[in-house]
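[1] Any chance you can model this:
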Amino acid sequence: MSGASSRRKGYVAEAKVVRWLRDHGWPYCERRPAGASGTDILGCLPFVIEVKDRANVTEAVRLGLEQAVAECAHPDLPVAIVKRRGHTNPADWYAVMRVEDWNRLARHWDMCTCGAAT
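    Numbering: from 1, shown residues only. Now for the predicted structure:
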């Protein structure tokens, strides 16, 4: 795949993720401007989001997490959103994070909900 078509594919995937996130409670979410350094998706704190659309899902997860972790400042949470082959709706894609970060998120959620009325 040429550089231009690869960038186009990435742009389309990022735009779909931004649209989906905005429609599902993240109104300040936006794409990082083309050519700017940093994470792919802005405005979704505490998450640092990298979006990947590659044929090799394992490579996409590895690369996405590496980039998200590199851009992440504590206490933010790095996440790779990876397109699933054959699925156009980002709701069906993978959101992948390291177990260490998942544990921080889960423990925070548990502390916020512990003792809440049911």
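
[2] tell me which residues of the strand or helix carrying Ala95 are tucked away?
    Assigning secondary structure by DSSP states H and E places Ala95 in strand 94-96. By 16 or more other Cβ atoms under 10 Å, the buried positions in strand 94-96 come out as 94, 96. C-beta coordinates here come from the backbone N, C-alpha and C atoms, glycine included.

[3] Just the residues contacting it, thanks.
    Strand 94-96 has contacts (Cβ atoms under 8 Å, 6 or more residues apart in numbering) with 57, 61, 64-65, 79-82, 84.

[4] Tell me which strands that strand pairs with, and in which orientation.
    strand 77-82 (antiparallel) (DSSP bridges).

[5] Now compare the contacts of strand 94-96 and name the two farthest from each other.
    Leu65 and Arg84 (16.3 Å; Cβ to Cβ).

[6] what kind of secondary structure is the residue nearest the centre of the chain in?
    Nearest to the mean C-alpha position of the chain, counting by Cα atoms, centre = their mean, stands Ile49 at 3.3 Å. Under DSSP: H, G, I helix; E, B strand; the rest coil, the three-state class of Ile49 is strand.

[7] got a list of what it touches?
    So Ile49 contacts 17, 39-41, 68, 79-81 (Cβ under 8 Å, 6+ apart).

[8] How about Gly64?
    Applying Cβ under 8 Å, 6+ apart, the residues contacting Gly64 are 50-52, 80-82, 96.

[9] next one: Pro78
    47-48, 50, 65, 68-69, 71-72, 97-98, 101.

[10] and it, bridged to which residues?
    Going by DSSP bridges, Pro78 is paired in beta bridges with Val48.

[11] Let me see the mean pLDDT of the top helix by length along the chain.
    Longest helix in the chain, counting residues (DSSP state H): helix 3-23. Averaged over helix 3-23, pLDDT sits at 92.
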